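[1] From the sequence below, what's the structure:
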Amino acid sequence: MTFFTKDEQLAQLGNQILEATWAAFPTLARNQIALTWIVYDPPVLVNTGGALTSDAFWNHSVRGFTYRGMEKIYPASVVKLFYLVAVHEWLDKGMVNNSLELQRAMKDAIVDSSNDATSLIVDVLTGTTSGAELPAGPFETWQYQRQIINRYYQSLKWSELETINVCQKTWGDGPYGRERAFYGEMLENRNMLTTNAIARLLHSIIGGVAVSSERSQTMMALLQRSVNPDKLPQDVEEDQVTGFLGGGLPQTAKLWSKAGWTSQVRHDAAYIEIPDQRPYLLVVFTEGKENAGNKKILPFISQQFVEVVNSLE
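    Purely as a prediction, here's the structure:
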């Protein structure tokens, strides 16, 4: 049972976009893409500054479309959305102390997608640190502590989160020492997410009900991005707009997003507002080395959704 109602009109449009994408990019196999699309029909109950209670928000039905939306896929840096919400939950409950350094880490992890900043956040959330391999007993305790983030998300009882794994740091060169041991010999314990799970978490943030209204708005501020090429950071390899969903939007659009990429995947999760159109949420995952390096696929998909949203009834 998903948090959105599957809609025949959206399914027809979504499948048309998928067929157009496969036609335009033959290297993208049908099992190398997953997406979830949520449309916010009037009256729009998201991005309201937290005007709704949690019960009122979740009782309001939204319609959507998904393709392979429950398929577990390595999320790369999109997982940082889950760590951002968890940090705010910990802070809200007094489980950790706020500090300028933690605030700096949250900003850098989301705005710049810093892996080093994310490492600190995971340490703060779990009370663990990276380092040399540990003896069996201490390592067992360490692993239990690292799973606290998973236990939190399981406690929400959202069906979309039942199969996810969000207990690993994000890396440049990869894990070493106890971190590598924690991944498992065949990397079976690496982070895994679905586009439906990400869509529900992002839906809760833009709905103002992730942790609290005030904290949701704080998270939204970190996720907001400019689609103006002149305002994008020039000193980074990936700016989270160019080559992602933001790259297919008109200059009039407002964008809140978190992208993720490696040599094997290129993903994005976005909430989009365009004047005189219905706002919508779009999560797209693509896999495969030949697709991860292609900066045209996600903007193409995004542009297709812009066009069909304008035709919605």
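[2] How about the helix-or-strand element of the chain with minimal mean pLDDT, which residues are buried there?
    Lowest on mean pLDDT, DSSP states H and E among the helices and strands of the chain sits helix 54-58, with a mean of 93. Buried residues in helix 54-58, counted by 16 or more other C-beta atoms under 10 Å: residue 57. (C-beta placed from N, C-alpha, C; glycine too.)
[3] helices or strands up against the helix or strand following it?
    Downstream of helix 54-58, the first helix or strand assigned by DSSP states H and E is strand 63-67. Helices and strands touching strand 63-67, by 3 or more C-beta pairs under 8 Å, 6 or more residues apart in numbering; DSSP states H and E, are strand 5-6, helix 8-24, strand 33-39, helix 195-206.
[4] and the angle from the last one to strand 63-67?
    With axes from the mean of the first three to the mean of the last three C-alpha atoms, to 10 degrees applied, the angle from helix 195-206 to strand 63-67 works out at 150 degrees.
[5] Pairing partners for the host helix or strand of residue 268, with directions?
    Take DSSP H and E as the rule and residue 268 turns out to sit in strand 265-273. Strand 265-273 pairs in its sheet with strand 254-261 (antiparallel), strand 280-287 (antiparallel), by DSSP bridges.
[6] out of the ones you listed, deepest packed?
    Among these, strand 280-287 has the highest mean neighbour count (mean count of other C-beta atoms under 10 Å), at a mean of 25.
[7] average pLDDT across it?
    If you average the pLDDT over strand 280-287, you get 98.
[8] Identify all contacting residues around it.
    28, 32-40, 73, 75, 195, 198-199, 202-203, 206, 245, 264-272, 292, 297-298, 301-302, 305, 309 (C-beta atoms under 8 Å, 6 or more residues apart in numbering).
[9] domain parsing for the chain?
    1-68+194-199+224-313, 74-192 (automatic domain parsing).
[10] Now tabulate those in CSV and tack on distance to residue 214.
    Formatted as CSV, the domains of the chain follow (distance: least, C-beta to C-beta, whole Å):
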stretch, distance to residue 214
domain 1-68+194-199+224-313, 7
domain 74-192, 9
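[11] What would stretch 16-28 look like as PDB? C-alpha coordinates only.
    What follows is stretch 16-28, C-alpha atoms only, in PDB (Å, rounded to 0.1, in the frame of the first residue of the first chain):
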ATOM      1  CA  GLN A  16       4.800   7.500 -22.700                       C
ATOM      2  CA  ILE A  17       7.700   9.400 -21.200                       C
ATOM      3  CA  LEU A  18       9.500   6.100 -20.400                       C
ATOM      4  CA  GLU A  19       9.000   4.900 -24.000                       C
ATOM      5  CA  ALA A  20      10.300   8.200 -25.300                       C
ATOM      6  CA  THR A  21      13.300   8.000 -23.000                       C
ATOM      7  CA  TRP A  22      14.200   4.500 -24.100                       C
ATOM      8  CA  ALA A  23      13.900   5.500 -27.700                       C
ATOM      9  CA  ALA A  24      16.200   8.500 -27.200                       C
ATOM     10  CA  PHE A  25      18.700   6.600 -25.100                       C
ATOM     11  CA  PRO A  26      19.100   3.000 -26.300                       C
ATOM     12  CA  THR A  27      21.800   2.300 -23.700                       C
ATOM     13  CA  LEU A  28      19.300   2.700 -20.900                       C
END
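[12] Show residues contacting that stretch.
    30, 33, 35, 67, 286, 288, 290-291, 294, 296-297, 300-301, 304-305, 308.
[13] Show the buried residues in these.
    33, 35, 67, 286, 288, 291, 294, 297, 300-301, 304-305, 308.
[14] Find the pair from the residues you listed with maximum spatial separation.
    288 and 308 (25.1 Å; C-beta to C-beta).
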